[in-house]
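Chemist: Any chance you could fold what I've pasted below:
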Amino acid sequence: MVFNDGHAYMNPQADLRAPNVMDNLIYRREIPVMIGVFINPARRPDQPEPTLSDWGGRDTNRLEEYESLDDRYARVITEELLPALQKEYNISKNPEHRGIGGSSSGAIAAFTVAWHRPDHVRKVLSLIGTYVNLRGGQYPDIVRRSEKKPLRVFLQDGRNDYRGAGRDGLKPYRQDRDWFYHNVRLMEALTAKGYDVNYVWGIGSHSSKHGGAILPEMMRWLWRDHPVSTDPDDKVERSFRGAAQ
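Modeler: Residues are numbered from 1 along each chain as shown. Predicted coordinates:
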């Protein structure tokens with residue numbers, strides 16, 4: 001499972017705490033054993049590392065990498081990152097066993113990777129995604145006019161995400177900059193095309209708090225079809241992972 005803006009997903013004091021979530025779910029056999037990969041956008045040596053208060057949108061190559069809808073970032077993941085991981089770890093080459101996720105611009109980047117490379121990764125975890133035509137088009141329209149792809153997608157957003165009126169709330173409303181509206185549009189487009197899609201709309205703002213609270217359930221749903229034994233004598237299946245007697 002690859003996480004964009006990895007610093008935010010790894011931080012044990014932040015909202016998401018993905019390593020803890022994954023460890024607990026794996027231990028309880030609620031998701032299969034998997035590797036978590038936490039990757040940040042590119043930056044020059046003179047640029048600062050992203051922080052929880054500044055994810056690097058103005059200081060790094062984040063917006064160019066994450067918001068562009070071409071396949072450049074997908075190539076980084078599938079042609080550079082995954083081959084490097086395969087040299088060090090025994091990871092599955094089955095795209096059904098691979099997922100990618102992110103928040104905000106990292107969410108649309110995750111969707112873009114799976115959209116361009118469903119032969120490499122097919123599960124998408126999207127928190128407060130920026131599907132608002134910042135660079136090159138809107139995925140709801142792209143999904144509706146394209147052939148269906150073998151993707152499984154979980155979308156989360158809040159009704160108080162950026163709603164097209166500017167952060168100060170004073171600018172005229174622009175529907176093409178309404179984050180929540182376009183998350184709902186993407187869900188509707190995916191549903192209309194018959195995709196395996198789930199979604200949760202909360203009341204929150206452009207924040208990871210809601211996503212952090214439901215991250216375990218999102219991961220369970222994305223990997224809900226991993227093999228499960230119902231044999232009552234299967235002591236391995238009935239034990240915590242790694243704790244069978």
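Chemist: Now do the lowest-mean-pLDDT helix or strand in the chain: everything it contacts.
Modeler: Across the helices and strands of the chain, mean pLDDT, DSSP states H and E gives its lowest value to helix 62-67, namely a mean of 82. Outside helix 62-67, the residues within contact range by C-beta atoms under 8 Å, 6 or more residues apart in numbering are 4-5, 41-42, 50, 55-57, 72-73, 76, 102, 105-106, 108-109, 130, 134-136. Heads up, the C-betas are built off the backbone N, CA and C, glycines and all.
Chemist: Which residue is the nearest non-sequential neighbour of the residue nearest in space to the middle of the chain?
Modeler: Among the residues of the chain, the one closest to the centroid is G101, at 1.7 Å (C-alpha atoms, centre = their mean). Spatial nearest neighbour of G101, excluding adjacent residues (C-beta to C-beta, 6 or more residues apart in numbering): L125 at 3.0 Å.
Chemist: What mean pLDDT does the helix or strand harbouring the one you found get?
Modeler: If you go by DSSP states H and E, L125 is part of strand 123-127. If you average the pLDDT over strand 123-127, you get 98.
Chemist: name the helices or strands packed onto that strand?
Modeler: In terms of contacts (3 or more C-beta pairs under 8 Å, 6 or more residues apart in numbering; DSSP states H and E), strand 123-127 is packed against strand 99-103, helix 105-116, strand 152-158, helix 209-222.
Chemist: Mind doing that once more with 10 Å?
Modeler: In terms of contacts (3 or more C-beta pairs under 10 Å, 6 or more residues apart in numbering; DSSP states H and E), strand 123-127 is packed against strand 2-4, strand 99-103, helix 105-116, strand 152-158, helix 179-192, strand 196-202, helix 209-222.
Chemist: got CSV for those, with distance to N90 and mean pLDDT too?
Modeler: Below are these laid out as CSV (distance: least, C-beta to C-beta, whole Å; pLDDT from 0 to 100):
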stretch, distance to N90, mean pLDDT
strand 2-4, 17, 97
strand 99-103, 18, 97
helix 105-116, 22, 96
strand 152-158, 23, 98
helix 179-192, 33, 97
strand 196-202, 27, 98
helix 209-222, 21, 98
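Chemist: Make a markdown table out of these and add distance to T230.
Modeler: Putting the helices and strands packed on strand 123-127 into a markdown table (distance: least, C-beta to C-beta, whole Å) gives the following:
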| stretch | distance to T230 |
| --- | --- |
| strand 2-4 | 32 |
| strand 99-103 | 25 |
| helix 105-116 | 31 |
| strand 152-158 | 23 |
| helix 179-192 | 31 |
| strand 196-202 | 23 |
| helix 209-222 | 18 |
